[in-house]
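J.: below: sequence and its predicted model.
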Amino acid sequence: MQGFLGAYPMTREASGTSWQPDTTPHDGVHAQLGNWSAMAHGFVTAIYDQQGGPRGGGKVFSTSMLMGMASRPVGDATWGVRTMVSLDPVMGKRGYPLLFQTGEAANGQPLVDRQHPHDAFMELATTLSQPIGEGRSVFVYAGLPGEPALGPTTYMHRLSGLANPETPLAHHWLDSTHVTFGVVTAGVVLGTWKLEASGFKGREPDEKRWNIESPKLDSWSARVSWNPDPRWSLQVSYGELTSPEQLEAEIDQHRFTASASYTAEIAPEVKLATTLAYGRNQKQPGGSTDAVLLESAAIFADRHTVFARYENVDKDELFPLHSDPLHDRGFRVNKLSVGYQFTTSLGGPFKLDLGGVVSGYAYPGTLDRAYGSSPVSGMVFGRIRFG
């Protein structure tokens, strides 16, 4: 399949209108249905989660995703449709335990040391692209929900982080807008460059994860992407989000992100995928916080995957009660996760992944009373995927 947005390989396209390296494997079940070229892939993951320390906890839960896309020619233009759905809301409004994770709310309370579930409808979008010369095109993307032109490829679509069942702590600095109820993006592809801008709804999805919310275009973003060769994909983006947090409705946010992703076969049957990303959130009014993420995955013969993720994140929402002496104080949190995944075929397009991940942390001693001196967290998982 050719890309939805331009005359380049489909493997370049990732979540929303983001780009990834052309060398990224693009697994899926492909079909030709009349004039339509279609592709589908998905997964269901069962996870046992145990987060250490006084604020930790355990839970058995499941995450899932089913994605389908199709495109067809319309004259010399290309029309595409995309859908992505999930059963994540089954885990409950409060999601699952994840030390130092913050962002969003449930039952009128902020979620702290927990990761919220994704919405049942993660993407229902359409695209239209028109060539304007050799290697050049203009395009429009619209979604309810969809993903604006802000940040790198979403973590659950990055090959460098695909095996890791944990949501990054840097999620709300890099790619938290990947489920947005109301997005319109327009852009131009100039060979290895892509320039685009979006209008979208700044408020993050509410706790009613099964519904489709009313659209609004009250925020904007712009992104420049560059794939200098098939192994690399780079982007910088900026956005102004109106009232993104339900419990801080009077506060807006300006976000800057920059990232570089690399995917290559570094030896026979050995693939390496790496992403380095930086994000800054500036509250309006309020201060700024930063996050850095570095993650890699080495894949051997499509059977053994060794992966790691390091994050350095400013956290100022760990103590939401105004009566707490540490309320609104910022803390620099370091997290290192390492893991392994074994993959075997189940026949046809189906595969089984079995693996685990262990995480450790470093942070100021002031947090010892809440988190203990050296908590260790871990997850074990089994994943069935097709595509």
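T.: That came through, no problem. Since the structure is predicted, the reported quantities are computational estimates derived from the model, not experimental observations.
J.: quick one: the helices in the stretch 51-200 of the chain?
T.: 171-174 (DSSP state H, counting those that start in this stretch).
J.: where does it have low pLDDT?
T.: Within the stretch 51-200 of the chain, the set of residues satisfying pLDDT under 70 is empty.
J.: which strand residues bridge residue 278?
T.: Bridge pairing for residue 278 (DSSP bridges) gives the partners residue 258, residue 292.
J.: what sits against it?
T.: 257-259, 290-293 (Cβ atoms under 8 Å, 6 or more residues apart in numbering). C-betas here are computed from N, CA, C, even on glycine.
J.: cool, residue 202 as well?
T.: Contacts of residue 202 were listed using Cβ under 8 Å, 6+ apart, and they are 218-219, 240-244, 252-253.
J.: give me phi/psi at it?
T.: phi -80, psi -30 (degrees, to the nearest 10).
J.: so how far is residue 180 from it?
T.: Computed as Cβ to Cβ, to the nearest Å, the residue 202 to residue 180 distance reads 8 Å.
J.: please name the nearest non-neighbouring residue to residue 274.
T.: Using Cβ to Cβ, 6 or more residues apart in numbering and skipping residues adjacent in sequence, the residue nearest residue 274 is residue 296, 4.4 Å away.
J.: ignore what I typed, I meant residue 183.
T.: Nearest to residue 183 is residue 146, by Cβ to Cβ, 6+ apart, at 3.7 Å.
J.: surely the residue nearest to residue 274 meets residue 271?
T.: No: Residue 296 lies out of contact with residue 271 (Cβ atoms under 8 Å); the separation is 10.9 Å.
J.: list the helices and strands the helix or strand where residue 359 lies packs on?
T.: In this assignment (DSSP states H and E), residue 359 forms part of strand 350-362. Contact analysis of strand 350-362 by 3 or more Cβ pairs under 8 Å, 6 or more residues apart in numbering; DSSP states H and E lists strand 96-106, strand 331-347, strand 376-386 as its packing neighbours.
J.: what's the most buried one of those?
T.: strand 96-106 (a mean of 22; mean count of other Cβ atoms under 10 Å).
J.: distance of residue 14 from residue 253?
T.: 24 Å.
J.: which residues touch the helix or strand containing residue 310?
T.: Using DSSP H and E, residue 310 sits within strand 304-315. Residues from elsewhere that reach strand 304-315 (Cβ under 8 Å, 6+ apart): 100, 102, 160-161, 163-164, 166, 168-170, 173, 289-300, 330-343, 355, 357.
J.: buried residues, that strand. List them.
T.: Buried residues in strand 304-315, counted by 16 or more other Cβ atoms under 10 Å: 305, 307-309, 311-315.
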